[in-house]
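Participant: Take this sequence and fold it.
(one chain, ligands or ions: 1)
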Amino acid sequence: MKSLIITIDGPAASGKGTIARYIKKEFDFFHIDSGLLYRKIAKIILDKKINIKNTKEINILIKNIGDIKLSNSKLLRSPVVSKVSSEIARIKKIRNLVNMNQKKLVRNNKEKFRGIVIDGRDIGSVVFKDAEIKLYIDTNKKIRVKRRFKELIDRGERTIYSSVLKNIKLRDEKDKKRKNSPLTIPKGGIIIDNSCKLNQTKKTIQKIINQKLINRIK
Ligand code: CDP
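Facilitator: Alright, predicted model coming up:
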């Protein structure tokens, strides 16, 4: 049977990653965190001091980058990497590169897993429009800021609440208003309000996936 593709889109700190990791564990699916791919490119740009406004420098980076691995690290979640990743996410060539990597990861894993879950901003609306389940995570902004602030503090980052609020507001703006693949509810998307307790969201999602898996067997 074809691998079940689930897309999860939503704004910064809405809980997409937590939900995707839950699906991965609960159903033994393969997980692609597309934000991580943008973060990896942003980290290289910062380390190499590449000027993102210089097309020539960006072209050289794209030409030499090769396959981007999904390995995570604390350094990739810092506020500065978050900021730069949403800046470079506006560049069409960078989006094409990330999309190519995602499609390759799906091709390489679709025979090995009965399902693949991919989270990001444009996954259900642009990259995998034909996905069988498209989730859109909509969480109250105040709650998103509180959760991200706690996450950063727990990780030992030195930050203040107002700067987390500013960073999230700015990224929301950039993600929703950019010309290339703006954050939007995908056609046929199911809106999940994740402002509640995580267990409640998990139950809702479990029901949706189980129903789909049952319908596929019928
Ligand atoms: O975890 P969080 O929601 O804070 O961010 P992320 O999912 O790791 O994504 C980092 C940045 O990459 C976002 O601010 C987006 O601007 C960008 N991104 C995107 O444009 N498209 C995607 N499919 C995934 C991420």
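
Participant: Would you mind naming what in the chain lies close to the ligand?
Facilitator: Counting by CB under 6 Å from any ligand atom, the positions of the chain adjacent to the ligand are 12-13, 17, 34-35, 38-39, 82, 85-86, 89, 120-123, 171, 175. Just so you know, the C-beta spots here come from the backbone N, C-alpha and C atoms, and that holds for glycine as well.

Participant: Generate a ChimeraX selection restricted to the buried entries among those.
Facilitator: Selecting just the buried residues from the residues of the chain next to the ligand in ChimeraX takes one command, with 16 or more other CB atoms under 10 Å as the test:
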select :12,13,17,34,35,38,39,82,85,86,89,120,121,122,123,171,175
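
Participant: What about the residues of the chain next to the ligand, which are in strands?
Facilitator: Residues of the residues of the chain next to the ligand located in strands (DSSP state E): Gly120.

Participant: Keep only those of the residues of the chain next to the ligand that are in helices.
Facilitator: Counting by DSSP state H, the part of the residues of the chain next to the ligand found in helices is 17, 34-35, 38-39, 82, 85-86, 171, 175.

Participant: What's the local residue count around the closest residue to Asn99 other than its chain neighbours?
Facilitator: Ranked by CB to CB, 6 or more residues apart in numbering and with sequence neighbours excluded, the top spatial neighbour of Asn99 is Val127, at 5.2 Å. Val127 is flanked by 23 other residues according to other CB atoms under 10 Å.

Participant: Going forward, count from 740.
Facilitator: Yep, numbering from 740; the last one is Val866 now.

Participant: Now the nearest residue to Glu765 once chain neighbours are set aside: which helix or strand?
Facilitator: With sequence-adjacent residues excluded and distances taken as CB to CB, 6+ apart, Glu765 is closest to Gln945, at 6.7 Å. Here Gln945 sits within helix 937-956, counting by DSSP states H and E.

Participant: how near is the most far-flung residue of the chain relative to its centre to the ligand?
Facilitator: Most distant from the centre of the chain: Lys957, at 31.8 Å, with distances by CA atoms, centre = their mean. Per CB to the nearest ligand atom, to the nearest Å, Lys957 is found 32 Å from the ligand.

Participant: Helices of this protein, start to end?
Facilitator: So, for the chain - with DSSP H - the helices run 755-766, 773-786, 794-804, 818-827, 831-848, 880-893, 900-916, 937-956.

Participant: Would you mind writing the CA trace of the third one as PDB?
Facilitator: It refers to helix 794-804. This file holds the C-alpha atoms of helix 794-804, laid out as PDB (Å, rounded to 0.1, in the frame of the first residue of the first chain):
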ATOM      1  CA  THR A 794      22.500  36.600  -5.700                       C
ATOM      2  CA  LYS A 795      26.000  35.400  -6.800                       C
ATOM      3  CA  GLU A 796      26.900  34.300  -3.200                       C
ATOM      4  CA  ILE A 797      23.500  32.600  -2.900                       C
ATOM      5  CA  ASN A 798      23.900  30.800  -6.200                       C
ATOM      6  CA  ILE A 799      27.300  29.500  -5.200                       C
ATOM      7  CA  LEU A 800      25.900  28.200  -1.900                       C
ATOM      8  CA  ILE A 801      23.000  26.400  -3.600                       C
ATOM      9  CA  LYS A 802      25.400  24.800  -6.200                       C
ATOM     10  CA  ASN A 803      27.700  23.400  -3.500                       C
ATOM     11  CA  ILE A 804      25.300  22.400  -0.700                       C
END
